[in-house]
Structure formats: structure tokens, C-alpha cells
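S.K.: Sequence and predicted structure are below.
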Amino acid sequence: AQKVTQAQTEISVVEKEDVTLDCVYETRDTTYYLFWYKQPPSGELVFLIRRNSFDEQNEISGRYSWNFQKSTSSFNFTITASQVVDSAVYFCALSEEGAGGTSYGKLTFGQGTILTVHP
Amino acid sequence: GAGVSQTPSNKVTEKGKYVELRCDPISGHTALYWYRQSLGQGPEFLIYFQGTGAADDSGLPNDRFFAVRPEGSVSTLKIQRTERGDSAVYLCASSLGGEMRGDQETQYFGPGTRLLVL
């Protein structure tokens, strides 16, 4: 069965600090997808990134970067020079490819990490 | 374009009552998902539709929960004989869907319906 663990329940930083959110996953599939979502106080889940299991290249998007390492089953998320607007709950999620090679997107989420950025 | 919409945004009901929660997916999205998020937890999968059919309902907690998508667009999640433990935020997501290998799509979420059972 698939599982996602976000060991950090809460993180508090001061603005402009860098912060890394950890995500460790478990899956038996060789083809799978990893996601990060942001849930601000308004409650709506906002998609940040999708990565498939065959692509281990790190990715950078502005102040956000992601480090995918299959060897350690981790998909960590770093925010550089954090801002107050980054305060939110961040979820890591995993989906496996369906049987017979069909796509199937049931997401398994971690418990989330509450990030608070203080001015 | 419009995102996923859900109505009502809030629903308060009494224990034992019946409720319906509605989800309007993004136009053209064939895949639709329902999740439930309890306070302080990540969303948990309930059911997945590909078109009109429920491709996977393994996440529905019991037979009081049922969902339909009769025309392959709007979906309704129905909860009978509500219990206090059903109180949660019910999230709907949609994606383009597809049956080709490697065609995994990103799911886009609606704002959720906050259900409170008194």
C-alpha cells in the first residue's frame, strides 16, 4: 500500500529564512507520481508541482525548489527567502499508475506541514 | 476559465439527516474525485469517477455514503443518516483524465464543503 510521511508537523521561521519541508513515500509501483499542494488559510488546495518517478531532475521555480531522490524515497520541498504569504499547510501526495498501464490518479496525502513565516 | 466549484460552501445539519454535496468540475475534465479532510489531517480519498462511472469507490467509509455523476460532469455526494463523525471538509477535484500510459494528470481542487453534523 502507498504511504506518505511528512514528519514535520509544524515549522516556524522568520521572513527571508530558507525552509525545507520533508516528504518520504512508500510504494510498490515502479511508475508513480509525486505532488506538492499548498493549502492557505482560505482552505483551497493549490497545486504546486507534479513529478513522475522516471524524472529525478531537481526543479526550481522562482523561490521554490524540489529535490527528488528515489534512493531515499524522498521528495523534499525548499522555499528560499521565505515570505509571510508562504504561511500555509503544505501537503505532499503520491499516486500510482493503475493496473494494466491505465492512468489512475487517486492521491494519497501526507499529514501536512504547517508553515508559519513571521515578519 | 472557471475552476472546480462546490456547493454549498458550508452545511450544518442534525444527526440522522440526509445531505447532498455538489461538485462542478472544470469544463472538459472527465475524471472527478471526492476526498474528505478532517481537521489537522490530509485529504483522504473517497471515490473516483471516470466519465459517468465510479471507477473506484474503495474509499467510501460505509453504505451511508454514495456518489453519482449521471452525465459525466456534475457530481453529487450523498450522505444518509449523518453522524457527528461525518463532520469534515469534503473536497472535490477534477482532472483531464485519460487512459493512456503516462497520461497522469494534475488534480485541481475546489474550495470544499464544510459539513458540520450536530
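M.R.: Thanks, I have it.

S.K.: these two touch, right, B:Y48 and A:S95?
M.R.: No: the pair B:Y48 / A:S95 is not scored as a contact, 10.5 Å apart, by Cβ atoms under 8 Å. Bear in mind the C-beta positions are built from the backbone N, C-alpha and C, glycine included.

S.K.: The two: which is more packed in?
M.R.: The residue with more neighbours, out of B:Y48 and A:S95, is B:Y48; 27 against 24, by other Cβ atoms under 10 Å in any protein chain shown.

S.K.: Around residue 14, how many other residues sit close by?
M.R.: Just so you know, I chose chain A. 10.

S.K.: not quite, I wanted chain B
M.R.: By other Cβ under 10 Å, the burial measure for B:E14, its neighbour count, is 9.

S.K.: dump the residue contacts of the residue nearest to it when sequence neighbours are not counted.
M.R.: Leaving out its chain neighbours, the residue that sits closest to B:E14 by Cβ to Cβ, 6 or more residues apart in numbering or on different chains is B:L118, at 5.4 Å. Going by Cβ atoms under 8 Å, 6 or more residues apart in numbering or on different chains, B:L118 touches B:12-15, B:84.

S.K.: Count the neighbours of the residue of chain B found nearest chain A for me.
M.R.: Taking Cβ to the nearest Cβ, chain A has its nearest neighbour within chain B at B:G42, 3.2 Å off. Residues lying near B:G42 (other Cβ under 10 Å) number 22.

S.K.: Which strand residues bridge A:Y37?
M.R.: Beta bridges link A:Y37 to A:F47, A:F91 when assigned by DSSP bridges.

S.K.: Could you count how many residues lie near it?
M.R.: A:Y37: 24 neighbours (other Cβ under 10 Å).

S.K.: Please tell me I have it right and it contacts A:A88.
M.R.: No: look at A:Y37 against A:A88 with Cβ under 8 Å: they stay out of range, at 9.5 Å.

S.K.: need the contact list for A:T9.
M.R.: A:T9 touches A:111, A:113-114, counting by Cβ under 8 Å, 6+ apart.

S.K.: hang on, I meant B:L32
M.R.: B:23, B:25, B:48-49, B:69, B:75, B:92-94.

S.K.: Tell me the secondary structure of it, please.
M.R.: For B:L32, the secondary-structure state derived from DSSP: H, G, I helix; E, B strand; the rest coil is strand.

S.K.: Against B:G110, how distant is it?
M.R.: The spacing between B:L32 and B:G110, counted by Cβ to Cβ, to the nearest Å, is 10 Å.

S.K.: What of B:P25?
M.R.: Remark: distance between B:P25 and B:G110 (Cβ to Cβ) = 8 Å.

S.K.: One more: A:G105?
M.R.: Between A:G105 and B:G110 the computed distance is 15 Å (Cβ to Cβ).

S.K.: of these two, who's got more company?
M.R.: Under the criterion of other Cβ under 10 Å, the comparison of A:G105 against B:G110 puts A:G105 first, with 26 against 23.

S.K.: who's A:S95 bridged to?
M.R.: Going by DSSP bridges, A:S95 forms beta bridges with A:Y33.
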